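**Q** Take a look and give me a structure for this.
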Amino acid sequence: MTLHRLLARQIRQATDESGQVDMTRLGELVSAAYEESDRDRRRTDRAIKLMIEELEQTHRRAEHDLSRAREFLDSIIENIPIAVYAKDARDSRFILLNRAGEEYYGMPRQEMLGKTPEQIFPDDIARLVNEQDRRVVDSGTPMFLEGHLLEVGVNGPDRLVNSRKLLVRDGNGAPQYLIGVIEDVTERVTNEARISHLAHHDALTDLPNRSAFNTALAERLERAQEASISFAVLSLDLDRFKDVNEVFGHPVGDMMMRAAAERLVAEADGAFVARIGGDEFMILMPDDIRREDVLSLAERLVEAIGKELEVDDFLSHVGLSIGIAVYPDDGVDAVTLLANADSALYRAKREGGGRVCFFETEMDRELRDRRLLQHDLRQAVEQNQLLVYFQPQARMDGAIIGFEALVRWNHPTRGFVPPDQFIPLAEENGLIVAIGEWVLREACREAASWPRPLQIAVNLSPVQFQAGDLERSIHQILLETGLSPTRLEVEITEGVLIGDFTRALNLLRRLKSLGIRIAMDDFGTGYSSLSYLQSFPFDKIKIDRSFISNLEATPQSAEIVRAVLSLAHALHIPVVAEGVETDAQRAFLVREACEEMQGYLIGQPEPIECYFDLIGINVERRRYA
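**A** Alright, predicted model coming up:
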């Protein structure tokens, strides 16, 4: 209230009933009012002082936080392992460069900061840098250059780099800074190219491998069908090469194999030569080559290999047998052509080796035998003649962590038929769907009964992904057997993902969502394994046994294994090495930090009864249970 109104109120309070003003009382009221006013003023002063102190503390904290944020940001930028720089957008003058940038350019930042490209780089480089900077500033569009050559930097010219530049504007929208990063990817690109080459080529001879041959054959068939031309496929097998390994040992055998491969390439007149495994080769002859020219070349190859091979003072007489199939007379698809070339090769070997045989219709006996085996396989499925064997998987210290379930066929008259004979047959006629479901059910049922909760791994065929409701089938089997999904691991090859990639990928993700683990089997033998690792988070990679078996003999195999392990470690994916048979192989894998192994060194595929002690079953208790 105003002073006048306050005084009027105080006078009224000091006036008695007769209308006389009690001056003493009035004085007391006035004094009390002044004292209250002083207290209010003091309270206000204290409040203002506290507010000022709080604001000062808040300001100091903000400055401290800002300083820490700057220090943190500076530390992050300084320690980023790729070159980071900032320039003034007006003249491209360097205003920031981190430690990696110093290392990349090969000069201290003091010699670069505050300078333009013309003051640092040669004229041609400076002109290119300025042109790129102006383009980003004028357009406002970031620039991305992947895997290009940049002829500056301490590591010398011809280095492959990924570079990026983007424009930063001020509050008014005007160009202010150019921010850039440069990543030297030379080693990474080189390693990727090397791994890709190794995936397409045989580690021992550096010839194209089976995968590369199948691709070349598919392309040749497509071209031949479109142009109505013919070509020949040669199936080759070295004679008596097994004796070389047994007499001289595998290291000498490997040298002999390389020498034989070199002779084949030298005599093949530019034809496509591939090593598809062991002592087997395939050759694709040029289009529309005459039958007599094919025969002449094949006989020349037999003669060349039949000459003495001398390696490190070792002399060996090996021979060569060749089977030939011609498109379209002997087949119009890859399967038929290869089967007929193999039938012709079988005839050449049976006739004593060192021979050349064209496919002939009477060779259909082998094909009839194949069809008979298919018929017997169907009966084996219907009559429950198949068996499930189990091979242990272990950590590198030997601790058993699980088993892989493997199907076996004990034919009533043929005895045990190798899986690599009847599994392809089952995939051809669709029986693999029923076989795969049966193996999965038996493996899960068996594993669910183990006292020790070890993992169980089951192979899935690409055909199973293409036919039926695989997800529902696996889910139903898990419910029926009571096996925890986390104990089941399904192994797939890249063949699962070839074709309808999106559908297969979605199915794998649904399986993974059930808790099932997914492993990439035969890693390194296909041509797209690396790209598939980018598309799906595999729980495990299995290095193909072919690389492990050659660890001690060929440095190429060791490099492949080392590269795969390095890649897997970078992606945080555990690795299982298949086919581990010797302590030397295990020692190599331990040095390279491989996590798990599988092979004869740990145990062969056997009925589960052979591994009762590993799964925690007392033999006597099992016998009388």
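
**Q** what does the average pLDDT come to for stretch 258-266?
**A** Across stretch 258-266, the average pLDDT comes to 91.

**Q** got the contact list for it?
**A** 204-205, 207, 236, 238, 241, 273, 275, 281, 283, 301, 304-305, 309, 311, 318, 320 (CB atoms under 8 Å, 6 or more residues apart in numbering). Every residue, glycine included, has its C-beta placed from N, CA and C.

**Q** which among those end up buried?
**A** Neighbour counting with 16 or more other CB atoms under 10 Å marks 204-205, 207, 236, 238, 241, 273, 275, 281, 283, 301, 305, 309, 311, 318, 320 as buried within those.

**Q** of those, the lowest pLDDT goes to which?
**A** V311 (63).

**Q** coming back round to it: narrow the buried ones among the contacts of stretch 258-266 to those in helices?
**A** Using DSSP state H, the subset of the buried ones among the contacts of stretch 258-266 located in helices is 241, 301, 305.

**Q** Now for F231: which residues touch it?
**A** With CB under 8 Å, 6+ apart, F231 has these contacts: 220, 224, 284-289, 326-327.

**Q** try 10 Å this time
**A** Taking CB atoms under 10 Å, 6 or more residues apart in numbering, we find F231 in contact with 217, 220-221, 223-224, 271, 284-289, 294, 325-328, 337.

**Q** Likewise for A224?
**A** Contacts for A224 were tallied using CB under 10 Å, 6+ apart; they are 230-231, 287-288, 327-328, 332.

**Q** picking that back up, now, of the contacts of F231, which are buried?
**A** Buried among those (16+ other CB under 10 Å): 217, 220-221, 224, 271, 284-286, 289, 294, 325-328, 337.

**Q** So for stretch 543-555, what gets flagged as buried?
**A** Buried, per 16+ other CB under 10 Å, within stretch 543-555: 543-551, 553-554.

**Q** which one of the residues you listed is nearest P418?
**A** The nearest member of the buried residues of stretch 543-555 to P418, counting by CB to CB, is R545 at 14.7 Å.

**Q** What's the separation between V388 and R487?
**A** To R487, V388 is 16 Å away according to CB to CB, to the nearest Å.

**Q** Which residues are in contact with the closest residue to P108 other than its chain neighbours?
**A** Nearest residue to P108 in three dimensions, chain neighbours excluded: E102, at 6.0 Å (CB to CB, 6 or more residues apart in numbering). Counting by CB under 10 Å, 6+ apart, E102 makes contact with 83, 108-112, 154.

**Q** now those residues as TSV including neighbour count and distance to A47?
**A** Below are the contacts of E102 laid out as TSV (neighbours: other CB atoms under 10 Å; distance: CB to CB, whole Å):
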residue	neighbour count	distance to A47
A83	22	55
P108	10	55
R109	16	51
Q110	10	52
E111	14	57
M112	21	54
V154	11	63
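
**Q** from the residues you listed, which is closest to I516?
**A** Distance to I516, by CB to CB, is smallest for A83 among the contacts of E102, at 43.5 Å.

**Q** hang on, the closest one packs against V161?
**A** Yes - the criterion here is CB atoms under 10 Å, and A83 meets it with V161 at 8.8 Å.

**Q** Could you name every residue contacting both of these two?
**A** 104, 153, 181-184.

**Q** quick one, strands of the stretch 301-450 of the chain?
**A** Ranges of strands in the stretch 301-450 of the chain, per DSSP state E, counting those that start in this stretch, are 309-311, 314-316, 319-327, 356-358, 386-395, 400-411, 415-417.

**Q** repeat for the stretch 151-300 of the chain
**A** Using DSSP E, counting those that start in this stretch, the strands of the stretch 151-300 of the chain run over residues 159-169, 175-184, 231-239, 272-277, 280-284.

**Q** quick one, the longest one and strand 175-184 angle?
**A** Taking axes from the mean of the first three to the mean of the last three CA atoms, to 10 degrees, one finds strand 159-169 and strand 175-184 inclined to each other by 160 degrees.

**Q** Given strand 159-169, what are its sheet partners and their directions?
**A** strand 143-150 (antiparallel), strand 175-184 (antiparallel) (DSSP bridges).

**Q** can you put those strands in TSV and add mean pLDDT and mean neighbour count?
**A** Output for the strands paired with strand 159-169, formatted as TSV (pLDDT from 0 to 100; neighbours: other CB atoms under 10 Å):
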stretch	mean pLDDT	mean neighbour count
strand 143-150	72	13
strand 175-184	87	19
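
**Q** Go through those strands and name the closest to M520.
**A** When the strands paired with strand 159-169 are compared (using CB to CB), the closest one is strand 143-150, at 26.2 Å.

**Q** just to revisit the earlier point, I'd like the strands of the stretch 151-300 of the chain laid out as TSV, including distance to F501.
**A** Formatted as TSV, these follow (distance: least, CB to CB, whole Å):
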stretch	distance to F501
strand 159-169	27
strand 175-184	29
strand 231-239	29
strand 272-277	25
strand 280-284	27
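
**Q** So for the protein, which residue is the most central one in space?
**A** L533 (3.3 Å; CA atoms, centre = their mean).

**Q** sorry, back to before: so which of the buried residues of stretch 543-555 belong to helices?
**A** Among the buried residues of stretch 543-555, the members falling in helices are 545-549 (criterion: DSSP H).

**Q** Q604: which of those is nearest?
**A** The closest of those, once distances to Q604 are taken by CB to CB, is R545, at 13.1 Å.

**Q** you'd agree the closest one is up against V561?
**A** No - look at R545 against V561 with CB under 10 Å: they stay out of range, at 11.1 Å.

**Q** Give me the common contacts of the two.
**A** Residues within reach of R545 and of V561 at once, by CB under 10 Å, 6+ apart, are A577.

**Q** give me the number of residues near the nearest residue to K540 once chain neighbours are set aside?
**A** Excluding its sequence neighbours, the residue lying closest to K540 (CB to CB, 6+ apart) is A519, at 4.0 Å. Neighbours of A519 under the rule other CB atoms under 10 Å: 21.

**Q** give the contact list for A519.
**A** By CB under 10 Å, 6+ apart, the neighbours of A519 are 404, 457, 459, 489-492, 538-542, 573-576.
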